[in-house]
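*Asks:* Provide a 3D model corresponding to the input given below.
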Amino acid sequence: MSIVALGLFASLAAGLMTGVGALPVLVGRSISRRANDTMLGFAAGVMLAASFFSLILPGIDAAEDLYGSVLLAALIAGAGVALGAFAVAMMNEALPHEHFIEGREGAEAAALAKIWLFVIAITIHNFPEGMAVGVGFGGGNVANGISLATGIGLQNAPEGLAVAVALAGQGYTRMRAFLIALATGLIEPVGGVLGAAAVSVSAHVLPWGLAFAAGAMIYIISHEIIPETHRHGHQNRATVGLTGGLILMMILDVTLG
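*Replies:* Residues are numbered from 1 along each chain as shown. Now for the predicted structure:
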């Protein structure tokens, strides 16, 4: 199977986990803010570990193999991380979205608009995650790609649940809330194909692609996920979740990679 096909199917599987996470809304289940912040912290930990263990470090190794210089490899990785963070920052500027949900405020139309801005924000998150999975298969490194897809899939579940619960709270039917949450994850295969195709063009693209995907995810962790987990005063629970997610992703990378 080609790298592009692997990137497509792996990122699709990871994206579908958004729908799996949203399943409890179909039976009327809800979660406390404390539990939600813990799960989002877990998602941040998975993404943070994936950024370093599955993207930045392999990117540095690939650049060193290509150019024979540790310093140049580190500089390429640093530049790639900066470019990835900058790209997502520009997406944040260009696309209307909302970082946080503050409940019903003002007219119903305004509340619905806020929810849709939040849905767009989650979709922005998912694109670089899918790209990271696709890039992870670069150079034929199937184990690294599978490790990334597994970790990203696990952290997609709490995001899907957050979207579904928010929509249900605004009066959407359970089925519609579930389907919209599922749809936010379907942007990941687009990113997966683009990422896999980019690193398939040339070996010289691989270290840049890996670092770029890492930078995109680091920006999302710092700019959106961690502030959201701390917004309700559950910093300790969020930190426990982040630590657990980081440890799990580290184990996945070591054992699968």
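*Asks:* so where's this protein uncertain?
*Replies:* Scanning the chain with the threshold set as pLDDT under 70 gives 1, 29-30, 95-119, 121, 257.
*Asks:* centroid residue for it?
*Replies:* For the chain, E129 is the residue whose C-alpha lies nearest the centre (Cα atoms, centre = their mean; 3.8 Å).
*Asks:* for that residue, which non-adjacent residue is spatially closest?
*Replies:* I152 (5.0 Å; Cβ to Cβ, 6 or more residues apart in numbering). Bear in mind the C-beta positions are built from the backbone N, C-alpha and C, glycine included.
*Asks:* quick revisit: how close does the residue nearest to the centre of the chain sit to L194?
*Replies:* 12 Å (Cβ to Cβ, to the nearest Å).
*Asks:* cool, M217 as well?
*Replies:* 15 Å.
*Asks:* and for the nearest residue to G138 once chain neighbours are set aside, the neighbour number?
*Replies:* In space, and not counting its chain neighbours, G138 is closest to V199: 3.4 Å by Cβ to Cβ, 6+ apart. Here the number of neighbours of V199 (other Cβ atoms under 10 Å) works out to 27.
*Asks:* after the host helix or strand of V199, which helix or strand is next?
*Replies:* Per DSSP states H and E: V199 is located in helix 188-201. Next helix or strand after helix 188-201 toward the C-terminus (DSSP H and E): helix 205-220.
*Asks:* name the helices or strands packed onto that next one?
*Replies:* In terms of contacts (3 or more Cβ pairs under 8 Å, 6 or more residues apart in numbering; DSSP states H and E), helix 205-220 is packed against helix 33-49, helix 57-67, helix 70-94, helix 108-136, helix 188-201.
*Asks:* same thing but 6 Å
*Replies:* For helix 205-220, the elements it packs on are helix 57-67, helix 70-94, helix 108-136, helix 188-201, judged by 3 or more Cβ pairs under 6 Å, 6 or more residues apart in numbering; DSSP states H and E.
*Asks:* and the next element down the chain from that helix?
*Replies:* Counting by DSSP H and E, the element after helix 205-220 in chain order, helix or strand, is helix 226-230.
*Asks:* tell me what angle whatever helix or strand comes next after that following helix forms with helix 33-49.
*Replies:* Sequence order places helix 235-256 as the next helix or strand after helix 226-230, per DSSP H and E. On the basis of axes from the mean of the first three to the mean of the last three Cα atoms, to 10 degrees, helix 235-256 is oriented at 40 degrees to helix 33-49.
*Asks:* between the helices and strands packed on helix 205-220, which one is closest to A35.
*Replies:* helix 108-136 (18.1 Å; Cβ to Cβ).
*Asks:* give the next helix or strand downstream of that closest one.
*Replies:* Immediately after helix 108-136, counting by DSSP H and E, sits helix 142-169.
*Asks:* against which helices or strands is that following helix packed?
*Replies:* Packing partners of helix 142-169 (3+ Cβ pairs under 6 Å, 6+ apart): helix 3-22, helix 33-49, helix 108-136, helix 174-185, helix 235-256.
*Asks:* how far away is A87 from G151?
*Replies:* Distance of A87 to G151, computed by Cβ to Cβ: 21 Å.
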